[in-house]
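Participant: structure, please.
(chains A, B, C and D)
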Number of protein chains: 2
Amino acid sequence: MKIDPKSSADLSAQIAKSIRDAIINGEMDVDTRLPSEAELSEQFDVSRPTVREALKRLAAQNLIRTQRGASGGAFVRRLSYQDAYANHITTSTLLLSMNAVDFETACEARYALERACAPLSAVRRTPDHLATMRAEIHRQSQPGLSDESFCDSDVAFHRALVDGADNPVLSYQLAGAVEAMQPLMNMITFTARNREMIVGLHTRIADALDEKEPALADTALAELTAYTLQLGEEAMAARDARAAKPDTTS
Amino acid sequence: MKIDPKSSADLSAQIAKSIRDAIINGEMDVDTRLPSEAELSEQFDVSRPTVREALKRLAAQNLIRTQRGASGGAFVRRLSYQDAYANHITTSTLLLSMNAVDFETACEARYALERACAPLSAVRRTPDHLATMRAEIHRQSQPGLSDESFCDSDVAFHRALVDGADNPVLSYQLAGAVEAMQPLMNMITFTARNREMIVGLHTRIADALDEKEPALADTALAELTAYTLQLGEEAMAARDARAAKPDTTS
DNA sequence: CGAATTCTAAATGTCTGACAATTTAAACAC
DNA sequence: GTGTTTAAATTGTCAGACATTTAGAATTCG
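Facilitator: Got it, this is the predicted structure:
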């Protein structure tokens, strides 16, 4: 930290990087107070607004928090799972939408990862997780449910499945894959027959976890993967057909 | 966008959130130019430094890029896989180090996810991936290698395994788990016997992918998981023993 | 007429200085 | 001692200015 070579990059970016590196390398523990803005601007030999821009960059990455008043200042922040989750989900979602990832790729990734959790979840899931899954299955069976709510419930179901593995690192990594898929899933229009099929598979998964049968859960998840992929293909084909044919309604 | 209620939060944070939401909700496509700082400061009725702080926040999240000069300004940025990877890895690493995640949890997550990739990788891996894996295995067999280099090579090996699945979404999600484990792995002191064992398992994995045998790969990965967990436990026990006994060297 | 050069304007990057708002802690009165 | 007041430190915000970079228009020259 503290050094600042003659580079072409923005000063605020350089300063932010310098402080960020110090935090990441463990040179500053959680809740350590950074020097005040005035002190930093002296150390780096820049003006206070420039220092402030650097600090705002770090704040945006949840690396520091700031406090006003005497004995206030910027403090190294403990990155909470909650913050990391939220960050990961928005980044994943953005990545998928901005890079036009196709349904097949995203779907394959999501279910591959979920199948990695299922064996652990079968052993460790608590009654709470099972109750959540049952509740979501029941919600999915309601006839009047909108497609969007159905997808919400789907995410909640799978979330419970993943959380059942009782491994926060796994939950964190999975959150990105599961939640980021939602916009793509929302493009599917579900028929009553589709929902019946999915609810049936969800029930089989819940039953398998209930009975602590990893193999059964895996089989059901494999079928769900195949079925979801098929639905996705149909939805994409229908969309492409609509795009190819000129709009007849206007 | 554009609205800004009387809230207690920082103005720059509110403005950043407002613009961020607009980008995430797809209201602004990639490469769309944002209004200039002067225009934004008028729209939000704040000063230019405040607007700048908001823009720096967005830049820190890779949501925008800025260009100087006439017809310059801030543009919505396409989030590249590369950026997302780097971001994800630092966040994951920080999350693990700041929250004192135990070796067992991280290790379990990592290998569970890798085992999800192995079946796909067995089918899709290219000769390039195999060559990388063989090269890293060879590197790991060198006698003079430091523990740290051994871990580096280990990460590269597993990275090739994951990339072999030919699914960028999967690679992205996995990168966090695999790379974030490295600091924890680096705490292990490997004996010659340990390395021999690991190299043997790596070879079995590479062979299995070479022969497109998912089942063999899975078995070898399971054994590697168990062995790594065991090494981790021993390392942690040794460390705890050192910590419990007063230092005798000083 | 075309091409190279120069000029200009727009935009971000940075600085200075100031004031407002907030919070802690010391000083003070009772 | 306890409660109140005051002062100081620190971040949040603003205004105005200048520097730097860049694209494009204007100009000049072959």
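Participant: can you list the domains in chain A?
Facilitator: Structural domains of chain A, as assigned by automatic domain parsing, span the residue ranges A:11-76, A:82-244.
Participant: run the chain-centre distance for the first one.
Facilitator: What that stands for is domain A:11-76. Between the centre of domain A:11-76 and the centre of its chain there are 27 Å (Cα atoms, centre = their mean, to the nearest Å).
Participant: quick check: which of the domains of chain A is nearest to B:Ala100?
Facilitator: For the domains of chain A, distance to B:Ala100 was read as Cβ to Cβ. The smallest value, 10.5 Å, belongs to domain A:11-76. For glycine as for every other residue, the C-beta is placed from the backbone atoms N, C-alpha and C.
Participant: circling back: got a markdown table for the domains of chain A, with mean pLDDT and mean neighbour count too?
Facilitator: Formatted as a markdown table, these follow (pLDDT from 0 to 100; neighbours: other Cβ atoms under 10 Å in any protein chain shown):
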| stretch | mean pLDDT | mean neighbour count |
| --- | --- | --- |
| domain A:11-76 | 95 | 17 |
| domain A:82-244 | 92 | 18 |
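Participant: how about the ones you listed in TSV, adding distance to B:Val199?
Facilitator: Supplementary listing: those in TSV, determined by distance: least, Cβ to Cβ, whole Å:
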stretch	distance to B:Val199
domain A:11-76	30
domain A:82-244	25
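Participant: how about those domains, which one is nearest DNA strand D?
Facilitator: In this view, the domains of chain A are compared for proximity to DNA strand D by Cβ to the nearest atom of the strand, and domain A:11-76 is the closest at 3.6 Å.
Participant: is that closest one anywhere near chain B?
Facilitator: Yes - remark: domain A:11-76 sits within contact range of chain B at A:12-13, A:16, A:23-24, A:26, A:30, A:49, A:52-54, A:56-61, A:63, by Cβ under 8 Å from any Cβ of the partner chain.
Participant: just the CA trace of stretch A:181-196, in PDB.
Facilitator: Provided in PDB are the C-alpha atoms of stretch A:181-196 (Å, rounded to 0.1, in the frame of the first residue of the first chain):
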ATOM      1  CA  MET A 181     -31.700 -19.000 -14.600                       C
ATOM      2  CA  GLN A 182     -35.000 -17.500 -13.600                       C
ATOM      3  CA  PRO A 183     -35.300 -14.900 -16.300                       C
ATOM      4  CA  LEU A 184     -34.700 -17.600 -18.900                       C
ATOM      5  CA  MET A 185     -37.200 -19.900 -17.200                       C
ATOM      6  CA  ASN A 186     -39.800 -17.000 -17.200                       C
ATOM      7  CA  MET A 187     -39.800 -17.100 -21.000                       C
ATOM      8  CA  ILE A 188     -41.500 -20.500 -20.800                       C
ATOM      9  CA  THR A 189     -45.300 -20.700 -20.900                       C
ATOM     10  CA  PHE A 190     -46.300 -23.600 -18.800                       C
ATOM     11  CA  THR A 191     -49.300 -25.700 -19.700                       C
ATOM     12  CA  ALA A 192     -51.300 -27.500 -17.000                       C
ATOM     13  CA  ARG A 193     -49.700 -30.800 -18.300                       C
ATOM     14  CA  ASN A 194     -46.200 -29.300 -17.900                       C
ATOM     15  CA  ARG A 195     -46.900 -28.300 -14.300                       C
ATOM     16  CA  GLU A 196     -48.300 -31.600 -13.400                       C
END
